[in-house]
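Asker: okay, here's the prediction I keep looking at, along with the sequence it came from:
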Amino acid sequence: MKETRRASVWAWLWFILGMLYFFIPLVATFEFSLRMLKGRYTFEAYRVAFTDPRFLQSFGYSLLWATLTIIFSMLLVVPTAYWVHLRLPKVRPWVEFVTLMPFVVPAVVLIFGLIRLYGHPPLVLTSTPILLIVGYTVLSLPYMFRSVDSGLRAIDVRTLTEAAQSLGAGWPTILGQVIFPNLRVGILSGVFLTFAIVMGEFTFAALLSWPAFGPYIEEIGSMRAYTPQAVSVLSFAVTWLSIGLIQWVGRGSGAQTQVAGTR
Amino acid sequence: MAYLQLAHLSKSFGGPAAVDDFDLAIEKAEFVSLLGPSGCGKTTTLRMVAGFEVPDQGRILLDGNDITEMPPNQRHLGMVFQAYALFPNMTVADNVGFGLKVAKRPKDQITKRVEEMLGLIKMPKLGDRYPYQLSGGQQQRVALARALAISPQVLLLDEPLSALDAKIRVELRVEIRRIQQELRITTLYVTHDQEEALSLSDRVVVMSAGHMEQVGSPSEIYNFPNTPFVASFVGTLNQLRCKVVDVGQGKLSYNDQVFETRAPVRGAQGDTVTVMLRPEQMHIGSLSDENQLTGKVEMVTFLGSIVRVRVGLGQATVVLDLLNKRSLELPRVGEPITVSFPPHACWVMAEA
Amino acid sequence: MGLEHPVRIDPYPAIAGDAPKARPPSSRKFSWAWIGVVPFFLFAILFLLLPAASIVVRSFEKLGGGVTLDNLRAVVTQRDFVNAYRVSLTISLITSLGGAVFGFLLAYAVCLGGLPRGLRSFLVTFSGVASNFAGVPLAFAFIATMGNAGLVTRIIEGLFNIDIHAHGFTIYNMYGLSIVYMYFQFPLMVLIMAPALDGLRREWREACENLGGTGFHYWRHVAFPILLPTLLGTMILLFGNAFGAYATAYAFSGSFINLVTIVIGAQIQGDVLYNPGLGNALALGMIIIMALCMVGYVAMQRRAARWVR
């Protein structure tokens, strides 16, 4: 029995203003990216971007590190979330504190500390991408944890586990056939979000001097015009795709795992 | 002129009508319940009175004034919601005094009235608590006090007890009736629980699929239901398909067992009609001027104060309720049994 | 798609554990369960706590060794540093207030403003994307919009014959950067406020009307007080989000814009301050400010969760 409220003028006004602010830069960027050759609109900037060997190289590197980050992050987060939910609820405040820490220690500050600790002998980790992966993991930790956590909450892990046990299932069966299939949405959301984060990340890669996609974009931005905008459009498309995938994966569950929301 | 007149109200939400031609005159200080299953239109009717829904057709008159078009905040009615709807950011005292604050009453008047109300609901010391610190029953009492603080002309309650535990429900419903009678306030109460409706009301309106099935006092509704729906919705009911043996003498037969009814028989000789009979009207054994039916005991359920016996009569079964006695010997399953009931206890229902 | 402080935090989190332990702890199972969370905490200690601690400790370090408060003193007195903090704090304040107000109005418009239902999910999805579209690509997008050859610049010139850049408008200063930051600030506000607005129960409004109140009464006495902790908490979140931002500002003008994060970044890339202790002190300043934000935010969340059960 919903009342239909008449839409007020103000509501439309704010919405339209909001949409203008969102879309004008996108339109402008796209338009700009088409103006590489004077006088007409072409996709020349995109062609130049794609044929630059460093484009594919840096994109490939970022893809690799994204994958490594996702694996590492999942190995770290999923068991933790599961145990916290099932066995160690007292530990939860500590875990949540850890997921808030990346906010308190922003990227630049964290790098500062990491380099100081692990960039000098005897522990020179800076020659390997380990610190980069670490940085990415720290960035994505809050999301990963929250995604998986929401997923666990939504399926009431404890009751499912108890039901499975009462029917005679052992731990491998429970984990493999009851828990993980139901966590698919939460895990996938975390994966796609981490992917989006890593692909576009700049700060860690630049300050730790790794040839990732983010620094590459910045570099061509300082040297050229038009191609940076073309790459920006592509980057926006990839972000949209990732978020779209998250929505699509989570469509049946109703739980929004990647965005802030009421429980 | 009735105090609250609901004249031919109709409302639909784009589909079959949620409320269809609801017409009722409520007297001052009367307690009327709207009783029915989910979706029967009782809440929609209440919300139309409150002003949260606008009727498609019909008018609402309060003390002679037509309030159909009036916005809800001018109607001066008090509403108690199913989900309490206490303002979580305010204390109990602030909640109760809210209506008076909006009406810009002087502060000392508000304080006095709030105290009065808290006394009325028997929670005088809890004015400084917040809703989240109260139990469900306490919250609902505060909601009641809040609605009454503004001295409304009519009190509207939308399934106020559904969200509460069984024991609290019974306690609170007694409280509500006591307060209503003390204040002599006209009350419209919506519920799907027939025990609530029967125990609280001066009159009950049974509703189904948007229609009013029957209006009457609780005992009228229970003992003399007009329609099969009312008969089966209110209380437990036995229904037997019987053949008419003699219309004038009210003789009916089931499986060649003949019995009499005092109520008029609607049908001709030889017709098959449905006979209704309440479980508590039957008893075990036989008396000379009563009807008798014989059958076999199928199941005996001990419900505490009542013992419910299911008796098989050929293809049909009837349920009979016995009052528990300490010396009672329960019938055994499989035993043959004779049940009897006076002729006036059964009646032939008009086919719907 | 860079990320300036990607933060997704429930406005109404669980405060304590959800359920009691499934079974009484027996020693064998107990130790097994702890192993499950050890990697997580080990990671946190090694790569979050220790670096932060090292920063705190080393900010008291003197150039030749020894303990000193000079670094901290320099950070709060030297003009360059004070300016850097001033600019950072100003941008953070502007974008948190602006983002909060505009984001709230936008969320209100789609949730309670009576607009078609589909627009709400569109806005929420788009906000999810926009709040991730920060960093380098965002900077280039705005250069294409409001830079010298940007679309809006050209449109304004075409329509009104005004060259805004000749009139002193530039996107490469504090205010220009604020406009850019808004792009990921107010989507975050929308993402948090939309569910909070949905959490306003219909019955509260109806009860208020029933008791004689108007829309104004409802907002003043019921809705705003209930929403206030979430509003304030999110504003604090936005503040911290902007304060810690690096990539967007860097992509705009390299090291030439004077933000605390940029200064620290420059220090990382080459010891421009000639005194590592100073860099640490600057970083410590950031940590303190962010920690204060976090405390404020969590306090507001607890408030909000307490009332709305």
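Answerer: Nice, thanks for sending it over.
Asker: when you work out contacts or count neighbours from here on, use the C-alpha atoms and nothing else.
Answerer: Noted.
Asker: tell me which helix or strand the residue in the stretch 151-300 of chain C that chain A sits nearest to sits in.
Answerer: Residue of the stretch 151-300 of chain C nearest chain A, by C-alpha to the nearest C-alpha: C:Met290 (4.9 Å). If you go by DSSP states H and E, C:Met290 is part of helix C:276-307.
Asker: before we move on, the earlier item: the residue of the stretch 151-300 of chain C closest to chain A and C:Gly240 touch, don't they?
Answerer: Yes - look at C:Met290 against C:Gly240 with C-alpha atoms under 8 Å: they come within range, at 5.9 Å.
Asker: relative to chain B, how far out is the nearest residue to C:Asn173 once chain neighbours are set aside?
Answerer: Nearest non-adjacent residue to C:Asn173, counting by C-alpha to C-alpha, 6 or more residues apart in numbering or on different chains: C:Ile257, 7.3 Å away. Separation of C:Ile257 from chain B (C-alpha to the nearest C-alpha, to the nearest Å) stands at 44 Å.
Asker: span of stretch B:238-257 from start to end?
Answerer: One end of stretch B:238-257 to the other measures 16 Å (C-alpha to C-alpha, to the nearest Å).
Asker: and the residue nearest to C:Asn173, how many neighbours?
Answerer: 18 (other C-alpha atoms under 10 Å in any protein chain shown).
Asker: any idea which helix or strand carries it?
Answerer: Secondary-structure assignment from DSSP H and E places C:Ile257 in no helical or strand segment.
Asker: how about C:Phe43?
Answerer: Per DSSP H and E, C:Phe43 falls inside helix C:27-44.
Asker: and the direction of the next helix-or-strand element following that helix versus that of helix C:276-307, what angle?
Answerer: Note on helix C:27-44: by DSSP H and E, the next helix or strand toward the C-terminus is helix C:50-58. For helix C:50-58 against helix C:276-307, the angle by axes from the mean of the first three to the mean of the last three C-alpha atoms, to 10 degrees is 120 degrees.
Asker: now do the SS call for the closest residue to chain C within chain B.
Answerer: Of all residues in chain B, the one sitting closest to chain C is B:Asn73 (4.1 Å; C-alpha to the nearest C-alpha). Recorded secondary structure, B:Asn73: helix (DSSP: H, G, I helix; E, B strand; the rest coil).
Asker: who's in contact with the closest residue to it other than its chain neighbours?
Answerer: Spatially, and ignoring its direct neighbours in sequence, B:Asn73 is nearest to C:Gly212 (4.1 Å; C-alpha to C-alpha, 6+ apart). By C-alpha atoms under 8 Å, 6 or more residues apart in numbering or on different chains, the contact set of C:Gly212 is B:Pro72, B:Asn73, B:Gln74, B:Arg75, B:His76, B:Gly99, B:Val102, B:Ala103.
Asker: now for A:Gly135, how many residues are close by?
Answerer: 25.
Asker: for the closest residue to it other than its chain neighbours, phi and psi?
Answerer: The shortest distance from A:Gly135 to any non-neighbouring residue, by C-alpha to C-alpha, 6+ apart, is to A:Phe204 (6.6 Å). Main-chain dihedrals, A:Phe204, degrees, to the nearest 10: phi -60, psi -50.
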